[in-house]
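Need a 3D model of the sequence below.
(2 chains)
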2 protein chains.
Amino acid sequence: MLTEDLDLYNSTWLPKVEAYRAKTGATLKGLVPEVDVAEDTLDVTTVPNSYLSKEELEITTSTATKLVEDIAAGKLTSEEVVRAFAKRAQIAHQVVNCCAELLFDEAIIRAKELDSYFKSTGKTVGPLHGLPISTKEHIATKGHITHASYAAWVEHEEPEDAITLQILKAAGAVHFARTNEPLSLMVGETENNIHGRTVNPYNRKLTCGGSSGGEGALIGMRGTPIGIGTDIGGSIRIPAAFCGGYGIKMTSLRMSLVGSILPGPGQETIICTMAPLTNSPLDTELYLKAYLGAKPWELDASLVPLPWREPDLSEKFTIGIMYDDGVVKTLPPITRGIKYAEDKLKRAGFTVVPFPPIGTTEIPKMAYASWFADGGKAQLEVIGKSGEPYIIPLKKAKAAFTGQSIDAAAVWEINDARDKLRQVYKAQMKSLGVDFVLCPMYPGPAAPIHEMLYGTYTIMWNVLDMPAMVFPTGLKADPEIDIKDPEYSPISPPDASEYERYNPETVKGAPIPLQLVGPRYMDEWVVRAVQKIAPVVQG
Amino acid sequence: MLTEDLDLYNSTWLPKVEAYRAKTGATLKGLVPEVDVAEDTLDVTTVPNSYLSKEELEITTSTATKLVEDIAAGKLTSEEVVRAFAKRAQIAHQVVNCCAELLFDEAIIRAKELDSYFKSTGKTVGPLHGLPISTKEHIATKGHITHASYAAWVEHEEPEDAITLQILKAAGAVHFARTNEPLSLMVGETENNIHGRTVNPYNRKLTCGGSSGGEGALIGMRGTPIGIGTDIGGSIRIPAAFCGGYGIKMTSLRMSLVGSILPGPGQETIICTMAPLTNSPLDTELYLKAYLGAKPWELDASLVPLPWREPDLSEKFTIGIMYDDGVVKTLPPITRGIKYAEDKLKRAGFTVVPFPPIGTTEIPKMAYASWFADGGKAQLEVIGKSGEPYIIPLKKAKAAFTGQSIDAAAVWEINDARDKLRQVYKAQMKSLGVDFVLCPMYPGPAAPIHEMLYGTYTIMWNVLDMPAMVFPTGLKADPEIDIKDPEYSPISPPDASEYERYNPETVKGAPIPLQLVGPRYMDEWVVRAVQKIAPVVQG
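This is a model prediction of the structure:
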């Protein structure tokens, strides 16, 4: 699985990659025995149960919120927690290939330091004292290679930790793992020429999503309490949702991006965001409070000085449901999921109204034109530098790499259209009296490998810069229920393509996620609203 | 003065402009007799003294803060205040040609409504109840032409008031005047083919500055208590400072720009800001509190939801002085002004340290490349549409109108360089322990007509997106003191050009302003700091 797409005969880039792989690969072994799972086992989420002690299982299935409480109360040590997650991450890596490297040695040293500080002072160093965290590989880590998925950069080191990582470490977090991402960072799956492909813990024939796919898979395996990803078109939400977790795309410029390495910085029609993937919406709040409490704007001049604000959320808010985007309908599992959620929410007393999509044909065009406004030149250059092969699905994405930059006036036009669209969505929320929008995250549950193609359901909230959080409904795709309608009449060519490729048997067991969206900068409100509605839907 | 640069033989655009001029010109007469001032009178700031009653003079020389207090206490009516300022604005217009139109009829109706509301309820409608305000002409005003300086748009009406104007009206402000701006809005003087040239009230041979030059001149004449301008490179600060007033360029995205009309929207490497010109820094605070208190982000999706924050300013903060930008030195009046301010501040107990400029050769290049990233095509198109003549100084600025757009990758590079520069300035403020930077606003005081050429002192804070406020030192250019040094050795070609053109006699009587700059988003702190230091410097 690791090397099927590699051009093994190209020797110019491979030796360096192999040297890097040997070094980082060694960090991913040794804490647990080799896992014994049949190649055709689809759902591997329960594999850790056979390899971890009762205590380790309890730790790794706790929320991060409970873990920091227990560490701060002296009930657990950071070392115990780091060891348990490091073991579980190694098990996870063996079954879904999710990690780039494990930072076990330095994590244990730091955990012991924190434990000893706590023991001698009775105090914590910050709100994340002792908590292990993992990060997507392109987030710069001092003293380690940061290759950002490119063979050309496999010897590249950044001089400092990314600012976000600095903040988390200062808050007491223990950086223990770095996770896989796709070549180019711009596809919704996770596969590159360095670490190979990461797959979905609930069904290994499906993608874990991307680009923060290593984080998504590790969260799905509960191999990390909090993972940090980045999202410019769905790259946090797709893997979090495909792998059964929670993931938020924040409003832009609240979290520092300084030190998240990528080719061609400076694109800002759609601004990337860095945020957590978790196994509980309480942990998203824990993270945001700790992070914003550190006043990141004092370190990064690009950020807005908005601290955590306590949401004044009404008991039963109004939810607008966008059933589909009007271009590609949802596939049967998601159609079921959204109906299920709607029924539960109505019965729980929430007001639910339809929320029509607007501009969903134009939105993805605006997004692709913006991301690849340089004609993909920055990407082409760094990929071309090593000569590494394009891999599927990047081969498909490569169509956007025309090599022809659009001009500044065209960028201005998109910016202006984007601002007008933001006003239109704001006005529609106001006129419908809607507090949040509930919608699909993708037409189906996790896609089969190399078939994650349609991005509008996540991309639209990046273009609109509205905070959007995915959560699991608790349902799983079921071939007995989510059957295909032979009479289905597609509403567009991409809709026809998605429906035609849909196979109820293939996506068996994949989590059915949904997405909740709020007004710009109301990130705190979205997190709290998910805390309220996710248990209602799941219950 | 009005028509010297007009191409009177071009009949395609002139009749429409003449029709517009006839209509708006009529609103600028009738409340006061024709003013009798010799053509060669330079300083016209005292002219209103001969035409207004004692009460009218008292009203028009009050702060806006005092006026709203007096109206809210029933000591003054809005109608009295509006009438006094309308008269004074008509006097001002006769001597410096600062207005586009006066909205006297509707202002009086609104003032009466507000007075009657107050009389019957004892309440005000908002924090600006009854206060007259003026706006730069390109700020859309429902029911009126908004031409934004272009002959081609001299019949153009916007369907709604600009959002900022809506907010001010809802807060109780009475919109009573609209003011002149230069053709293209992108020069530091004020002259167009519709209204002609606005000049400086302190010396009519000098420019009032621009692009919010009508507002600057009206503030200098005390013909408005608060004027609203826009600033993307100095367009609020230059006219406010040249005309002896206070003007703030806010951090971007705190004030709505929706409805400020200009060609080619969507440029956002350097984001324009809309903010007040005043005659007191107390009035800047009055405005900001009223404006931000109205939660503008609930109306405009592009804004950051930052309310007015009470500054936690230490008693004696540390001021870094940037004596000059290292490319063009200050001319004698400004050199004197900054030394004078430094001495006063030191004696008052403020800590003062030197603040070296960084990147000031690159900064204006980044700015021009960004503003005219489309090669000036948007401007060329709307100017070309009417066939109106380019006027000096736009002829000079026209050099930037290459007609050749840069590509998106070049925009990305500038954005990235800009973000890095913002980090560098942040780091330098931190390492020097500096709370604010005090610096010149321009190499000299108000420039002679068509000689306002060098913009780095204001542009740099737009590129850095740091809030910057200009204030008068109380000093005026004095040919007896501010003499030329025959031995002066220039540090650069533009420095040589500025020094060579400097004539102590020409700028006689021009106010000597300075500029105070704070960290991004610390607008409230900058306003309060100016409230503290301006009286120290002026005292």
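
For the nearest residue to A:F85 once chain neighbours are set aside, list the residues it contacts.
For A:F85, ignoring the flanking residues on the chain, the nearest one in space by Cβ to Cβ, 6 or more residues apart in numbering or on different chains is A:P132 at 4.6 Å. No exception for glycine: its C-beta is placed from N, CA and C like everyone else's. With contact taken as Cβ atoms under 8 Å, 6 or more residues apart in numbering or on different chains, A:P132 is in contact with A:81-82, A:85-86, A:107, A:111, A:173-177, A:224-225.

Now the buried members of the residues you listed.
With burial judged by 16 or more other Cβ atoms under 10 Å in any protein chain shown, the buried subset of the contacts of A:P132 is A:81-82, A:85-86, A:107, A:111, A:173-177, A:224-225.

Narrow the contacts of A:P132 to those in strands?
A:V174, A:H175, A:F176, A:A177 (DSSP state E).

what lines up beside the longest strand belonging to chain A in the sheet?
Determined from DSSP E, the single longest strand within chain A is strand A:468-476. Strand A:468-476 has its sheet partners listed here by DSSP bridges as strand A:246-249 (antiparallel), strand A:511-517 (antiparallel).

Deepest-packed of these, please.
Highest mean neighbour count among the strands paired with strand A:468-476 (mean count of other Cβ atoms under 10 Å in any protein chain shown): strand A:246-249, with a mean of 31.

what is the mean pLDDT for that one?
The pLDDT scores in strand A:246-249 average 98.

any idea how far A:V517 lies from A:D283?
20 Å (Cβ to Cβ, to the nearest Å).

again with A:D435
From A:D435 to A:D283 the distance is 23 Å (Cβ to Cβ).

out of the two, which sits in the busier spot?
A:D283 (25 against 21; other Cβ atoms under 10 Å in any protein chain shown).

Give me the neighbour count for A:E34.
7.

scratch that, A:A73
A:A73 has 8 nearby residues by other Cβ under 10 Å.

same question, A:K420
13.

go on, A:D324?
Neighbour count for A:D324, taken as other Cβ under 10 Å: 21.

CA atoms of the helix or strand harbouring A:E18 as PDB?
If you go by DSSP states H and E, A:E18 is part of helix A:14-26. Taking Å, rounded to 0.1, in the frame of the first residue of the first chain, the C-alpha atoms of helix A:14-26 are listed here in PDB:
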ATOM      1  CA  LEU A  14      14.300   8.400  -3.800                       C
ATOM      2  CA  PRO A  15      17.500   8.000  -1.900                       C
ATOM      3  CA  LYS A  16      16.900  11.200   0.200                       C
ATOM      4  CA  VAL A  17      13.300  10.100   0.800                       C
ATOM      5  CA  GLU A  18      14.500   6.700   1.900                       C
ATOM      6  CA  ALA A  19      17.000   8.100   4.300                       C
ATOM      7  CA  TYR A  20      14.300  10.300   5.800                       C
ATOM      8  CA  ARG A  21      11.900   7.400   5.900                       C
ATOM      9  CA  ALA A  22      14.400   5.200   7.700                       C
ATOM     10  CA  LYS A  23      14.900   7.800  10.300                       C
ATOM     11  CA  THR A  24      11.300   8.700  11.000                       C
ATOM     12  CA  GLY A  25      10.000   5.200  10.400                       C
ATOM     13  CA  ALA A  26      12.200   4.000  13.300                       C
END
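
Tell me which other helices or strands that helix touches.
For helix A:14-26, there is no helix or strand it packs on, judged by 3 or more Cβ pairs under 8 Å, 6 or more residues apart in numbering or on different chains; DSSP states H and E.

buried residues in it?
Neighbour count says helix A:14-26 has A:L14, A:K16, A:V17, A:Y20, A:R21, A:T24, A:G25 buried, by 16+ other Cβ under 10 Å.

Same question for stretch A:93-110.
Quick answer for stretch A:93-110 (16+ other Cβ under 10 Å): A:93-104, A:107-108, A:110.

Report the distance from that stretch to the chain centre.
Centroid separation for stretch A:93-110 versus its chain: 18 Å, with Cα atoms, centre = their mean, to the nearest Å.

ok, now stretch A:298-313?
Relative to its chain's centre, stretch A:298-313 lies at 21 Å (Cα atoms, centre = their mean).

cool, and stretch A:463-471?
The answer for stretch A:463-471 is 12 Å, by Cα atoms, centre = their mean.

so how far does it reach from one end to the other?
21 Å (Cα to Cα, to the nearest Å).

could you pull out the helices for the stretch 151-300 of chain A?
For the stretch 151-300 of chain A, applying DSSP state H, counting those that start in this stretch gives helices covering A:163-170, A:213-220, A:237-242, A:281-293.

ok, back up a step: can I get the buried residues of helix A:14-26 in TSV with distance to B:P443 and pLDDT?
Shown next, in TSV, are the buried residues of helix A:14-26 (distance: Cβ to Cβ, whole Å; pLDDT from 0 to 100):
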residue	distance to B:P443	pLDDT
A:L14	59	91
A:K16	54	95
A:V17	56	96
A:Y20	54	98
A:R21	59	97
A:T24	56	98
A:G25	62	97
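
If we only consider those residues, which is nearest to A:T77?
A:T24 (27.0 Å; Cβ to Cβ).

Quick one, grab the pLDDT at the residue lying closest to the closest one once chain neighbours are set aside.
Closest residue in space to A:T24, ignoring its immediate chain neighbours: A:E101 at 3.8 Å, by Cβ to Cβ, 6+ apart. Note on A:E101: pLDDT of 98.

Give me the contacts around the helix or strand in which A:E101 is found.
Here A:E101, judged by DSSP H and E, is contained in strand A:99-102. By Cβ under 8 Å, 6+ apart, the surrounding residues in contact with strand A:99-102 are A:24, A:27-28, A:86, A:89-90, A:92-93, A:137, A:144, A:176-181, A:194-195, A:214, A:218.

and it, which strands flank it?
When DSSP bridges is applied, strand A:99-102 pairs with strand A:174-179 (antiparallel).

List phi and psi for the nearest residue to A:V199 once chain neighbours are set aside.
Of all residues not flanking A:V199 in the chain, A:V96 sits nearest, at 5.1 Å (Cβ to Cβ, 6+ apart). When read as degrees, to the nearest 10, the backbone of A:V96 gives phi -130, psi 0.

Can you verify my assumption that A:L42 contacts A:N203?
Yes - shown here, A:L42 and A:N203 form a contact pair, counting by Cβ atoms under 8 Å, at 4.6 Å.

What about A:R83, how many residues nearby?
The tally of other residues near A:R83 (other Cβ under 10 Å) stands at 20.

ok, it touching A:K112?
No - using Cβ under 8 Å, A:R83 makes no contact with A:K112, being 10.9 Å away.

Would you mind listing what in chain A touches chain B?
For chain A, the residues in contact with chain B (Cβ under 8 Å from any Cβ of the partner chain) are A:258, A:264-268, A:297, A:300-302, A:304-306, A:373-375, A:377-378, A:405-417, A:419, A:422-423, A:425-426, A:519-521.

Of those residues, keep whichever come out buried.
So, by 16+ other Cβ under 10 Å, the buried ones in the residues of chain A next to chain B are A:258, A:264-268, A:297, A:300-302, A:304-306, A:373-375, A:377-378, A:405-415, A:417, A:419, A:422, A:425-426, A:519-521.

among the residues you listed, which are in helices?
A:377-378, A:408-415, A:417, A:419, A:422, A:425-426 (DSSP state H).

quick one: the residue lying closest to A:T273 once chain neighbours are set aside and B:M322, what's the gap?
Counting by Cβ to Cβ, 6+ apart, A:M250 is the residue found nearest to A:T273 once chain neighbours are left out, at 4.6 Å. Look at A:M250 and B:M322: by Cβ to Cβ, they are 35 Å apart.

Go ahead and flag the most central residue of chain A.
A:I236 (2.2 Å; Cα atoms, centre = their mean).
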